[in-house]
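Visitor: When you get a sec, could you give me coordinates for this:
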Amino acid sequence: MKLKFVLNEPAILINKTLVIGDIHIGYEYELESYGIHIPNQTERIIKKIEKIIKETKAKKLILLGDIKHFFKGISFNEFKDLPNFLDKLSEKIELIIVKGNHDGNIEDLVENIKVYDASGFRDNNIYYFHGNGKPKEDYKKCKIILMSHVHPLIKFSSGNSVMYERCWIISENKNSKLIILPAFNDLLGGVSINSEKIELINGFKFEESKIYLLDGTYIGKIKEIKNKN
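Guide: Here you go, the predicted model:
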């Protein structure tokens, strides 16, 4: 098994399978309701994913939940943006979807794409699930477990200045490794892991988890950096 973190991107490559999570197509419409006006982000996200596919030479793409943003059903804008998003990527690569808590009724907009529920699925020694619910019990038989949902961030502060960076959370036990993906959509907020606790699945300890930035910088274990920034 070849596992590679895509440098400076919230994406991971396992053999020829690219995995990303928390895309939240349509998030800009929620921002608009708060008076924050930005252009539609769908095309920008498509181009970014296509660039990563080209660079990694991936043959399969797993979308690890929260492909869309509107929580209750499908919004008017998602009826337009989501088919465009999925169709353009399907032309480039084989797609698999694991549903997240924002992906209710996404099946209504999907054709010829395998869709799993949020509990995910096992593929040999790898388990994929979103993270808002429990995975199936056979995750315990896997060497690698991938989840998203959390939108992990690390907070850096100096004086009155505060900034947040997306990060990877990696937790290991004697049998397997749990990897929590950063959110792919760079407009999203998230959980500041050095000030808030995350409940991990059974068998993994949050305090012992290792933190890496997208550029590969190792920050330390949670227990070492908690409440320091």
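Visitor: what helix or strand does I49 sit in?
Guide: Using DSSP states H and E, I49 sits in helix 42-56.
Visitor: Mind exporting the C-alpha coordinates of whichever helix or strand comes after that helix to CSV?
Guide: Next helix or strand after helix 42-56 toward the C-terminus (DSSP H and E): strand 60-63. Provided in CSV are the C-alpha atoms of strand 60-63 (Å, rounded to 0.1, in the frame of the first residue of the first chain):
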residue,chain,number,x,y,z
LYS,A,60,-10.3,7.1,-8.6
LEU,A,61,-11.7,9.9,-6.4
ILE,A,62,-13.4,9.3,-3.1
LEU,A,63,-15.5,12.2,-1.8
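Visitor: And the lowest mean pLDDT element among the helices and strands of this structure?
Guide: Ranked by mean pLDDT, DSSP states H and E, the helix or strand of the chain with the weakest confidence is helix 27-33, at a mean of 84.
Visitor: tell me which residues of that helix are tucked away?
Guide: Y27, E28, Y29 (16 or more other Cβ atoms under 10 Å). (Each C-beta comes from the backbone N, C-alpha and C, glycine too.)
Visitor: swap in stretch 9-23?
Guide: 9-14, 17-23.
Visitor: And that stretch, how far out from the chain middle?
Guide: 8 Å (Cα atoms, centre = their mean, to the nearest Å).
Visitor: same question, stretch 3-10
Guide: 12 Å.
Visitor: pLDDT below threshold where in the chain?
Guide: 73, 227-229 (pLDDT under 70).
Visitor: rewinding a little: can you mark which positions in the helix holding I49 are buried?
Guide: Buried residues in helix 42-56 (16+ other Cβ under 10 Å): T42, I45, I46, K48, I49, I52, I53, T56.
Visitor: could you dump these to JSON lines with distance to G100?
Guide: Listed next are the buried residues of helix 42-56 as JSON lines, based on distance: Cβ to Cβ, whole Å:
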{"residue": "T42", "distance to G100": "17"}
{"residue": "I45", "distance to G100": "16"}
{"residue": "I46", "distance to G100": "19"}
{"residue": "K48", "distance to G100": "19"}
{"residue": "I49", "distance to G100": "17"}
{"residue": "I52", "distance to G100": "20"}
{"residue": "I53", "distance to G100": "21"}
{"residue": "T56", "distance to G100": "23"}
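Visitor: biggest separation within those residues, which pair?
Guide: Within the buried residues of helix 42-56, T42 and T56 form the most distant pair, 21.5 Å apart (Cβ to Cβ).
Visitor: buried stuff in stretch 166-183?
Guide: In stretch 166-183, counting by 16+ other Cβ under 10 Å, buried: 166-171, 176, 178-183.
Visitor: now the residue in the chain sticking out farthest from the centre: how far from S195?
Guide: What lies farthest from the middle of the chain is G159; by Cα atoms, centre = their mean that is 31.1 Å. Look at G159 and S195: by Cβ to Cβ, to the nearest Å, they are 17 Å apart.
Visitor: Good, we can wrap up now.
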